[in-house]
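Q: Give me a model of this one.
(2 chains)
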Number of protein chains: 2
Amino acid sequence: MLARLSRIIRRPTTRLVPTGIGDDCAAVRAAGPGRLLLLKTDAVVEKRHFHRSDPPRAVGWKAACRAVSDIAACGGRPAHALITCVVREEQAGNWLTELYRGIEKAGKKFGFYVVGGELARTDGPAVVNVAMTGEVEAKRFVRRDGGRPGDALFVTGMLGGSLKSGRHLRFQPRLEEARWLTQRFRIRAMMDLSDGLAADLPRLAAACKTGFAVDVESVPRHAGASLEAALGDGEDFELLFALSPDEAPALKRAWRRRFARLRLTQIGSLAPHGVAIGLGSASGYDHFAS
Amino acid sequence: MLARLSRIIRRPTTRLVPTGIGDDCAAVRAAGPGRLLLLKTDAVVEKRHFHRSDPPRAVGWKAACRAVSDIAACGGRPAHALITCVVREEQAGNWLTELYRGIEKAGKKFGFYVVGGELARTDGPAVVNVAMTGEVEAKRFVRRDGGRPGDALFVTGMLGGSLKSGRHLRFQPRLEEARWLTQRFRIRAMMDLSDGLAADLPRLAAACKTGFAVDVESVPRHAGASLEAALGDGEDFELLFALSPDEAPALKRAWRRRFARLRLTQIGSLAPHGVAIGLGSASGYDHFAS
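A: Now for the predicted structure:
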């Protein structure tokens, strides 16, 4: 089966030391000087992140794009992916092949190569894990914790209703946008919105040791999404970032010229530690609240 | 919960760019010149690779050591690990903490750091995925495909009965041994035995485009393990490797001096393509035979 899957994926033309997907490890030439290696692992689980009836190609796209989105949120570009599929017997044929086609489609679009894979069986919900490497120029690397009180807070795109509408299976990670942002502006803190603004913004603020003040009316909502959905649904995979308020006007102008079709919204600002204005009692998805 | 788990793990003193385990990605300084980055992903699945009643610390050890074993089989050293745990609600407390302690114990012993983790819920069998990076000097990198007809075939340790005896939960990956081998000898092909000699040796031979001839009576068996068990049980995680027959006598002498307590056995040799002597009808574990 792995041999069959390996025929679906492109072979990298650079960097990878050819070993074939069946070797113990994949070997790649390391990133050049001044670059950091980014590492991310992320899983989608049947009945949680996708359903049995979802097209497996879309599941593969989603599994891969979630990791791409995290690499983008650090300012980097994806490079290599390792796929672990834990599936039921009946998924071990066409379902897996289609899943790989979805992953490969994402690889082609966002520039990563699948360099390894692992298969195991289960009799329960399937799990597809994507471990991804990326690279980022050291000076463009953006973490979550560099924001300061007063920084302007922005989100890309629109929020809410991703699961209900099926958008979570075909979302576009904001790779190009994040690369553009980190090249032109001093982005002080950035993350991707996976669990909903109401869960994710407090995390960003906590990492920055700041508070936040959000004008909830300004939060951009998908058509049909309530405010609560926009704050709490999650799985939007839009970027949330902070930069100096001095840079905000220039950013808005430049963004409109460069990304005319994607909205960029200032939703508020970071505030002194302890301040938490605007998210009210809405709460995003917490994997293990406790 | 991730915060609780992050208190269990050591923080690397070099290489890692400090971001905290909650950031989107881990960032590490890339390997130096002349070194390759090794990438491996591997999952253990409840009811297949471990059972509900197994101590979670041993499950963590096993999950981590399987990946270490693959890195060792390429001649490398492990560097960083990303852990994805897909667990049931009742496992999200102490079970996970103990699992991480087992992973951390392996990290301490074999020199890798956990730099990221992901948690998700399931209502089915738990899945623990370990994505591991390693490094290897380019000239010590060993693949599966360099063996030639006539090369001597060796295995370390003893085979068989790993699952029945519980050894699979406490096995020692042959990291030190593999590093020693690649430093002193021209190892032409190497892999770790995870699915049993009867499944793994044909894979190694196929990668080398050779056949093989094994003297089955010479295959080292654990006390109580039948020949069939030694060939087919799998989960031994011993090294299988090929080197020039000219180097075999020197290897045997040097090994006895260096690793007096670990057996090294020449079980046969690689043969011209098409020759398959000695494994008979025994067959190792194939994840998705088809």
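
Q: Around whichever residue of the stretch 51-200 of chain A sits closest to chain B, count how many other residues there are.
A: Closest residue of the stretch 51-200 of chain A to chain B, Cβ to the nearest Cβ: A:Gly124 (1.9 Å). To be clear about C-beta, it is placed using only N, CA and C from the backbone, and glycine gets the same treatment. Residues within reach of A:Gly124, counting by other Cβ atoms under 10 Å in any protein chain shown, total 21.

Q: For the spatially closest residue to it that is not a sequence neighbour, give me its contacts.
A: Computed as Cβ to Cβ, 6 or more residues apart in numbering or on different chains, the closest residue to A:Gly124 that is not its neighbour in sequence is B:Gly124, at 1.9 Å. Counting by Cβ atoms under 8 Å, 6 or more residues apart in numbering or on different chains, B:Gly124 touches A:122-125, B:88.

Q: Send over stretch A:94-112 as PDB, restricted to the C-alpha atoms.
A: Output of stretch A:94-112 as PDB, limited to C-alpha atoms (Å, rounded to 0.1, in the frame of the first residue of the first chain):
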ATOM      1  CA  ASN A  94      -9.100   4.000  -2.400                       C
ATOM      2  CA  TRP A  95      -9.800   6.100   0.700                       C
ATOM      3  CA  LEU A  96      -6.100   6.400   1.400                       C
ATOM      4  CA  THR A  97      -5.100   7.000  -2.200                       C
ATOM      5  CA  GLU A  98      -7.600   9.800  -2.400                       C
ATOM      6  CA  LEU A  99      -6.400  11.200   0.900                       C
ATOM      7  CA  TYR A 100      -2.800  11.200  -0.400                       C
ATOM      8  CA  ARG A 101      -4.100  13.000  -3.600                       C
ATOM      9  CA  GLY A 102      -5.500  15.700  -1.400                       C
ATOM     10  CA  ILE A 103      -2.200  16.000   0.500                       C
ATOM     11  CA  GLU A 104      -0.200  16.100  -2.700                       C
ATOM     12  CA  LYS A 105      -2.500  18.800  -4.100                       C
ATOM     13  CA  ALA A 106      -1.600  20.900  -1.100                       C
ATOM     14  CA  GLY A 107       2.100  20.100  -1.500                       C
ATOM     15  CA  LYS A 108       2.000  21.300  -5.100                       C
ATOM     16  CA  LYS A 109       0.200  24.500  -4.200                       C
ATOM     17  CA  PHE A 110       2.200  25.400  -1.100                       C
ATOM     18  CA  GLY A 111       5.600  23.900  -2.000                       C
ATOM     19  CA  PHE A 112       6.200  21.000   0.300                       C
END
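
Q: need the helices for the stretch 51-200 of chain A, in chain order.
A: Assignment of helices within the stretch 51-200 of chain A using DSSP state H, counting those that start in this stretch yields the ranges A:56-73, A:94-110, A:162-165, A:175-184, A:197-208.

Q: what's the distance between the shortest one and the middle of its chain?
A: Going back to what we said before, that points to helix A:162-165. 16 Å (Cα atoms, centre = their mean, to the nearest Å).

Q: Ok, the first one next?
A: Distance of helix A:56-73 from its chain centroid, counting by Cα atoms, centre = their mean, is 7 Å.

Q: between it and helix A:175-184, how many degrees?
A: 10 degrees (axes from the mean of the first three to the mean of the last three Cα atoms, to 10 degrees).

Q: which helices and strands does helix A:56-73 pack with?
A: Counting contacts by 3 or more Cβ pairs under 8 Å, 6 or more residues apart in numbering or on different chains; DSSP states H and E, helix A:56-73 is packed against strand A:35-45, strand A:77-87, helix A:94-110, strand A:127-137, helix A:175-184, strand A:189-192.

Q: The fourth one pairs with which strands?
A: Strand pairing for strand A:127-137, determined by DSSP bridges: strand A:35-45 (antiparallel), strand A:77-87 (antiparallel).

Q: Dump it to PDB, restricted to CA.
A: Only the C-alpha atoms of strand A:127-137 are listed here, as PDB (Å, rounded to 0.1, in the frame of the first residue of the first chain):
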ATOM      1  CA  VAL A 127      -6.300   9.400  12.600                       C
ATOM      2  CA  VAL A 128      -4.200  11.300  10.000                       C
ATOM      3  CA  ASN A 129      -1.100  12.900  11.400                       C
ATOM      4  CA  VAL A 130       1.000  15.300   9.400                       C
ATOM      5  CA  ALA A 131       4.500  16.200  10.700                       C
ATOM      6  CA  MET A 132       5.900  19.100   8.700                       C
ATOM      7  CA  THR A 133       9.100  20.900   8.500                       C
ATOM      8  CA  GLY A 134       9.500  24.400   7.300                       C
ATOM      9  CA  GLU A 135      12.200  27.000   7.000                       C
ATOM     10  CA  VAL A 136      12.200  30.600   7.900                       C
ATOM     11  CA  GLU A 137      14.900  33.400   7.700                       C
END
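
Q: Pull out the buried residues from it.
A: In terms of neighbour count (16 or more other Cβ atoms under 10 Å in any protein chain shown), strand A:127-137 has its buried residues at A:127-137.

Q: By mean pLDDT, point me to the weakest helix or strand of chain A.
A: strand A:16-17 (a mean of 53; mean pLDDT, DSSP states H and E).

Q: now the residue positioned nearest the centre of chain A, nearest residue through space, not along the chain?
A: In chain A, the centroid-proximal residue (Cα atoms, centre = their mean) is A:Ser69; its distance is 2.2 Å. Sequence neighbours aside, A:Pro173 is the residue nearest to A:Ser69 in space, at 3.9 Å (criterion: Cβ to Cβ, 6+ apart).

Q: Check the contact between that neighbour and A:Phe110; I expect there is one.
A: Yes - assessed by Cβ atoms under 8 Å, A:Pro173 is found in contact with A:Phe110 at 6.8 Å.

Q: Could you point out which residue ranges in chain A have low pLDDT?
A: Where chain A drops to pLDDT under 70, the residues are A:1-6, A:8-23, A:28-31, A:280-290.

Q: one more time with 80
A: By pLDDT under 80, the weakly predicted segments of chain A are A:1-33, A:280-290.

Q: In CSV: the helices and strands packed on helix A:56-73, plus distance to A:Ala242.
A: Output for these, formatted as CSV (distance: least, Cβ to Cβ, whole Å):
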stretch, distance to A:Ala242
strand A:35-45, 20
strand A:77-87, 22
helix A:94-110, 24
strand A:127-137, 18
helix A:175-184, 11
strand A:189-192, 5
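
Q: Go through these and name the closest to A:Arg143.
A: Among the helices and strands packed on helix A:56-73, the nearest to A:Arg143 by Cβ to Cβ is strand A:189-192 (6.8 Å).

Q: Determine the set of other helices and strands touching that closest one.
A: Partner elements for strand A:189-192 (3+ Cβ pairs under 8 Å, 6+ apart): helix A:56-73, helix A:197-208, strand A:239-243.

Q: buried stuff in the second one?
A: Spelled out, it's helix A:197-208. Neighbour counts over helix A:197-208 (16+ other Cβ under 10 Å) mark A:197-205, A:207-208 as buried.

Q: Could you list the domains of chain A?
A: A:2-140, A:152-277 (automatic domain parsing).

Q: Buried deepest among these, which one?
A: domain A:2-140 (a mean of 21; mean count of other Cβ atoms under 10 Å in any protein chain shown).

Q: follow-up on the earlier one: overlap in contacts of A:Pro173 and A:Phe110?
A: A:65, A:68.

Q: which residues sit in contact with the residue nearest to A:Ser69?
A: A:Pro173 touches A:65-66, A:68-69, A:72, A:110, A:192, A:237, counting by Cβ under 8 Å, 6+ apart.

Q: can you do 6 Å?
A: With contact set as Cβ atoms under 6 Å, 6 or more residues apart in numbering or on different chains, A:Pro173 has these partners: A:65, A:68-69, A:72, A:237.
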